Every structure is written in structure tokens, then in C-alpha cells.
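Chemist: with the sequence up front, the predicted model follows.
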Amino acid sequence: MSAQDDRPLLVAEGLSKHYGPHLGCADVSLDIHEGEVVAVVGESGSGKSTLLGLLSTQLLPSAGSVRYRMRDGEERDLFALGEAERRFLLRTDWGFVHQDARLGLRMGVSAGGNVGERLMATGWRHYGRIRAEAEQWLERVEIARDRIDDRPDTFSGGMRQRLQIAKNMVTRPRLIFMDEPTGGLDVSVQARLLDLIRSFVGDYGLAAVIVTHDLAVARLLSHRIVVMRHGRVIETGLTDQVLDDPREPYTQLLVASILQA
Amino acid sequence: MSDAATYNFGYLDEQTKRMIRRALLKAMAIPGYQVPFASREMPMPYGWGTGGVQVTASVLGADDTLKVIDQGADDTTNAVSIRKFFERTAGIATTTHTSEATVIQTRHRIPEAPLREGQILVYQVPIPEPLRFLEPRETETRRLHALEDYGLMQVKLYEDIARHGHIATTYAYPVKVDGRYIMDPSPTPKFDNPKMDMCPAIQLFGAGREKRIYALPPYTKVVSLDFEDHPFERTKFDRGCALCGSEGIYLDEVVTDDRGGRMFVCSDTDFCESQRAAPSEAGHGLHEVPR
Ligand SMILES: Nc1ncnc2c1ncn2[C@@H]1O[C@H](COP(=O)(O)OP(=O)(O)O)[C@@H](O)[C@H]1O
Ligand SMILES: [Mg+2]
């Protein structure tokens, strides 16, 4: 899609995070290219969410840096951005899909209002056009247009996740962060959501960082995989390679346990 | 008048008035920005305009003439008691005539008669924060203001249209001040919003319980938020005042008997009386209502 620039979109170097005496994650370096999907896997407490929080500047690192290639091509140190610039980036060029939809949606605001929020925040002031755009995105995430005025608290779990995606996609972000996006959903609902995410990544050339403890999700969605343990990256590589031929004993254990399941 | 000696002029001590004036000056320097101030206990309950009273006390001078209205009326309990309060504690002149007043304290309305340079309009404000019900956290709303991050406010209007087919907000209709801060003119009816725009008088807003002051210096641009395809519309009344016949002004519905009889009359009682006193001029200049 955007092959004119093969510099990485995002470059993280030496990221560490301490929560007081507790280690969140330590010395993580990572590149993300345009259109690339990276899965971060590992057991509970291994530092996946901490890493995602650091990459997306929701958390301040104890050490390390994150650089990002902005839409104008300029590479910026994200932790040196002003608050206004950072917020603008977050709601235009980035998306964030939470496991708990209540963190990503305004439950008291209609589906249309949720999807329209980013547009309005970036200056759209024509109700009819905002609504038409919201309808289109609802349709793309397979939510019936006539649900546009319903609030997400009347939606099923799967629909809420799809609404989160629509809400993020209206500004055509280049990078989307997802923390256990399929967590807590029924298997059939999961499958449908994964399908949708996969086609969006393909259709819109999205880059994504997906945190999951589910290796099947990583296998289905990601190009590259990052295995974490005790806050550190212990193995990284192409998804198929790592899952079919894990080098680290811990990764072998992870893969074996999913195969048994 | 002997009471006046019992209190400092205007009830508040000079120290407190200076503190409030500093907040007022800051508010005037940053139109629409909510300035925190150390609100004092007043000898009246919150909800009775303690914020407005403190502001009024801080701007009153011995030569001032004060008018106090509640809704549009000078003769409601609240208006009368505030007027009496300042008669007693400051010994200043009071009036019900908009044109004679130098300071006007109001709870809801902006008088129909145009305000002029040299006048000060003081609003009693219950809830100063326009983003409050969208975002209850004070730290977050302050940040949204600081970053001029106002998408949420527009979402509220979007929801209004989605639900009602039009922007159904009729009171406390949000405005953008001087192209920067979003401000709640609460609890004035949106009918009065256009009067705030480029007003020659000073407009001061005091919220006592919430400890906030904000201001509009004379001739400040005040724009009501809207959508291109759902522009702000001033409330229109399809009739004139049953008493004075004026049109294009804000009407209150009043019950006239116990058999459901009703009529619509001027909410601004002083305006209504002056129109009836000078019937030849009734309605003069009122048809050129700005949007
Ligand atoms: N806010 C916090 N305060 C203290 N410790 C935390 C906090 N958040 C996470 N941790 C700790 O950091 C480590 C990594 O947590 P987390 O990033 O949530 O892992 P994961 O997402 O892989 O389950 C864990 O030991 C966790 O207890
Ligand atoms: Mg986690």
C-alpha cells in the first residue's frame, strides 16, 4: 500500500518500566513496519500490557525511547511530544482496541456518536456527513445501519468489539494497538472478529500490535511474534517459524500447551 | 441605613474583595476561562446566587445603581432579597430599570433592553463546567480545556440531533468564546445567547459552590456551537406578549386561573412595564432580532 517509505513506522529502544520495586518490562527493543502485524504473547503477568502501554505512550517508561514516523514523514520521539500533539496522534493515526469495551467506548453515547467522535474531534461539523461516514463504518464492521442510534450497552460482546474497531478506523489510522481483543468472547464470536481484523489489516494496510495469550490468535493474525517472560523478550521471529520451530524451551512449553489444549 | 455601618461595604471584607477582583481580572484577561477562587460563606444558601453575590459585592462602588433579576423579574423572592441585601450592606441605590442600572445581577435572563458600555452584568452560575456531564472528572475537563479538545461537546450536540431530530438543548447552550474556550452560559435560555456576542457591557459569571469565576470583556465574540447543517437557532415564539404586545422577545407562560387559563407574557418585567408605559414605542427596534 505505502511502499514508498520502508523505514520502520515505529522504533522502540531499550524500553523498561518499573512499578516501584516491581518490574513491568525490561530492555525491550522492537521495530514495527507499515502494514505489519506483531503479536506479543506470553503468560499472564509477563509484561505484555505494560509493553503495549509504553509503545502507545499511555505509560511513561523508566528507561528507553519510542520513535514514530508521523504522517508527514518526520520521525519524532514520542515521549518528547507535547500533550496536544500526542493526543492528536492517538486519535488520528492510531487506534486502540481494549479487551474491556467500556474502556474504548462511551457506553452512554449512541453507536453513531461513538464512531463520529474522532471526526468531530478533528473538526468535522456537518451532521449529515458525520452520520453517513459512521453508517459506512458500521456496515464495514457488520453492524446493521439501523443500530446507529442504539447505545453500545445494548450490544453483544462481539458487536462492541467491532464497534471499537469502527470507532478507531474512521480516521484511517496507520497503527492500531489491541490488548486481548478477543478475550472473553465465545469461540464462534472470536472467529468472526478475527476474520474481520484480518481483512481490515489487509484492506487498509494497517500495522498492528496485538497482545494475546492465545497462540491461535497470534498464528491467524500476525506476521511476527514476540514472546515475553518475566518482563523480557525471550524470543522473536516470523510467526510461523517461532510457532513451528520454537528455539527457547519456554516457547516450546507454550506451544506444547496450546497444542494439547 | 444604620445597618450599613454594621457591615463592611457590600458585606465582604476588603481583603476578600481584592482576592475576588484579582480572579475577575484574570477572568477578563482570558475570556471564557474558569478561574478558581476562594468562595466565601455568604449569609444565604447556595443556590441563592452566592457566587453572583460575591462578584457583585466586589465590583460595587458607592455610586453604583443595582438591579437584580431572577428569571426576568425584579420582584421574585430571590431578586428582592439580594437587592435588599445590598441596600442594607452597601447602602447603594437600586432600580428595576435596565437603562438606569450600572450593575445588574441575574440568575437566568439577559434583559431585553440592549446593554451599553459601562454596565456590568453579573450571572449567578450553578454549574460552570460545560463538559461536566460528559466527563465527570475535574482533572480531565481541565485538561480538555487546556488542550482545546472539544470533540466531546460536539458529540453531545450530535446525540441531541440523533435523538430528537434537532439540537434540543434550550438552556445552558454551550458557546465558544473568542475562538478559544467553550463556556457554559448556564442557566440562561439559548434565546439570550446572541445577546452575549459582542455585548458592550462587561459580563461576569460567579459560581459560589463550585468556586469558579469567568468573564466576557466588552465586545467579545461569543458563538453558539452547532453543525453546518443544523445551525444554532434562537428560540422563536409564535406570538407576542399578552400584556404589552411586544414580539421577538422571551415569553413566560403564566397560569391565570384554576381552570387551565394561560397566557404568554414578557419574562422581562421591567421591559414589559416600560413598553406599556410608552405604548407608542411598543415593539420599537425589536424586530431586528439578531440571530
Ligand atoms: N499498575 C501496576 N502496579 C504494579 N505492578 C504492576 C502494575 N501493572 C502491572 N504490574 C506488574 O507488572 C508485571 C507485568 O504486568 P502486565 O504488563 O499487566 O502483564 P500481562 O499483560 O502480560 O499480564 C506483573 O508482575 C504485574 O503484576
Ligand atoms: Mg495484560
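Modeler: Looks like it arrived, so ask away. Numbering: from 1, shown residues only, chains lettered A, B, ... in the order given. Ligands and ions are numbered 1, 2, ... in the order given.
Chemist: which helix runs longest in the chain?
Modeler: All of this refers to chain A. Across chain A, the longest stretch assigned as helix under DSSP state H is helix A:187-204.
Chemist: I was after chain B.
Modeler: Max-length helix for chain B by DSSP H is helix B:14-29.
Chemist: show me what from chain A comes close to ligand 1.
Modeler: A:19, A:22, A:24, A:42, A:44-50 (CB under 6 Å from any ligand atom). C-beta coordinates here come from the backbone N, C-alpha and C atoms, glycine included.
Chemist: what's the following helix or strand after the longest helix of chain B?
Modeler: Sequence-wise, the next helix or strand downstream of helix B:14-29 (DSSP states H and E) is strand B:35-36.
Chemist: and the longest helix of chain B, what does it pack onto?
Modeler: With contacts defined as 3 or more CB pairs under 8 Å, 6 or more residues apart in numbering or on different chains; DSSP states H and E, helix B:14-29 has these neighbours: strand B:35-36, helix B:50-59, strand B:202-207, strand B:212-216.
Chemist: tell me which of those lies nearest to chain A.
Modeler: strand B:35-36 (20.6 Å; CB to the nearest CB).
Chemist: list the contacts for the closest residue to chain A within the stretch 151-291 of chain B?
Modeler: At 2.7 Å from chain A, B:G151 is the closest residue in the stretch 151-291 of chain B, using CB to the nearest CB. Contact analysis of B:G151 by CB atoms under 8 Å, 6 or more residues apart in numbering or on different chains lists A:91, A:117-118, A:120-122.
Chemist: select only the buried ones of the residues of chain A next to ligand 1 in PyMOL?
Modeler: Selection of buried members from these for PyMOL, criterion 16 or more other CB atoms under 10 Å in any protein chain shown:
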select buried, chain A and resi 24+42+46+47+48+49+50
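Chemist: around B:A101, how many other residues sit close by?
Modeler: Using other CB atoms under 10 Å in any protein chain shown, B:A101 has 25 neighbouring residues.
Chemist: return the backbone torsion pair for the closest residue in space to it that isn't next to it in sequence.
Modeler: Leaving out its chain neighbours, the residue that sits closest to B:A101 by CB to CB, 6 or more residues apart in numbering or on different chains is B:K67, at 3.7 Å. B:K67 has phi and psi values of phi -120, psi 140 when expressed as degrees, to the nearest 10.
Chemist: thinking B:K67 is in contact with B:I104, fair?
Modeler: Yes. Under the criterion of CB atoms under 8 Å, B:K67 makes contact with B:I104 at 4.6 Å.
Chemist: joint contacts of the two?
Modeler: Counting by CB under 8 Å, 6+ apart, the residues touching both B:K67 and B:I104 are B:T98.
Chemist: what about the residues of chain A next to ligand 1, which are in helices?
Modeler: A:48-50.
Chemist: strands of the stretch 101-250 of chain B, residue ranges please.
Modeler: B:103-106, B:120-124, B:175-177, B:181-183, B:202-207, B:212-216, B:222-224 (DSSP state E, counting those that start in this stretch).
Chemist: go on, the stretch 101-250 of chain A?
Modeler: A:175-179, A:207-211, A:224-229, A:232-238.
Chemist: rebuild those as a markdown table, extending it with mean neighbour count.
Modeler: Converted to a markdown table, those look like this (neighbours: other CB atoms under 10 Å in any protein chain shown):
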| stretch | mean neighbour count |
| --- | --- |
| strand A:175-179 | 24 |
| strand A:207-211 | 25 |
| strand A:224-229 | 23 |
| strand A:232-238 | 17 |
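Chemist: dump those to TSV, plus mean pLDDT.
Modeler: Compiled in TSV, the strands of the stretch 101-250 of chain A are given as follows (pLDDT from 0 to 100):
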stretch	mean pLDDT
strand A:175-179	97
strand A:207-211	97
strand A:224-229	97
strand A:232-238	97
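Chemist: now for these, which one comes closest to chain B?
Modeler: It is, among the strands of the stretch 101-250 of chain A and with distance given as CB to the nearest CB, strand A:175-179, at 19.3 Å.
Chemist: roughly how far does the closest residue to B:P111 other than its chain neighbours sit from B:D268?
Modeler: Spatially, and ignoring its direct neighbours in sequence, B:P111 is nearest to B:T98 (4.2 Å; CB to CB, 6+ apart). For B:T98, the distance to B:D268 equals 8 Å [CB to CB, to the nearest Å].
Chemist: was I right to think A:Q190 contacts A:T182?
Modeler: Yes. Proximity of A:Q190 to A:T182 meets the contact threshold set by CB under 8 Å, at 4.4 Å.
Chemist: overlap in contacts, those two.
Modeler: A:V217.
Chemist: which bits of the stretch 151-291 of chain B sit near chain A?
Modeler: For the stretch 151-291 of chain B, the residues in contact with chain A (CB under 8 Å from any CB of the partner chain) are B:151-152, B:154-155, B:158-159, B:161-163, B:226-230.
Chemist: now list the buried members of these.
Modeler: Buried among these by 16+ other CB under 10 Å: B:151-152, B:154-155, B:158-159, B:161-162, B:226-227, B:230.
Chemist: what sits closest to the residue in the stretch 101-250 of chain A that chain B sits nearest to if chain neighbours are left out?
Modeler: Per CB to the nearest CB, A:A121 is where the stretch 101-250 of chain A lies closest to chain B, at 2.7 Å. Once flanking residues are discounted, A:A121 sits nearest to B:G151: 2.7 Å by CB to CB, 6+ apart.
Chemist: how about residues contacting the longest helix of chain A?
Modeler: By CB under 8 Å, 6+ apart, helix A:187-204 touches A:1, A:35, A:37, A:141-142, A:156-158, A:161-162, A:165, A:169, A:172, A:178, A:181-182, A:185, A:206, A:208, A:217, A:220-221.
Chemist: go with 7 Å
Modeler: Under the contact criterion CB atoms under 7 Å, 6 or more residues apart in numbering or on different chains, helix A:187-204 has outside partners A:37, A:141-142, A:157-158, A:161-162, A:165, A:169, A:172, A:181-182, A:185, A:206, A:208, A:217, A:220-221.
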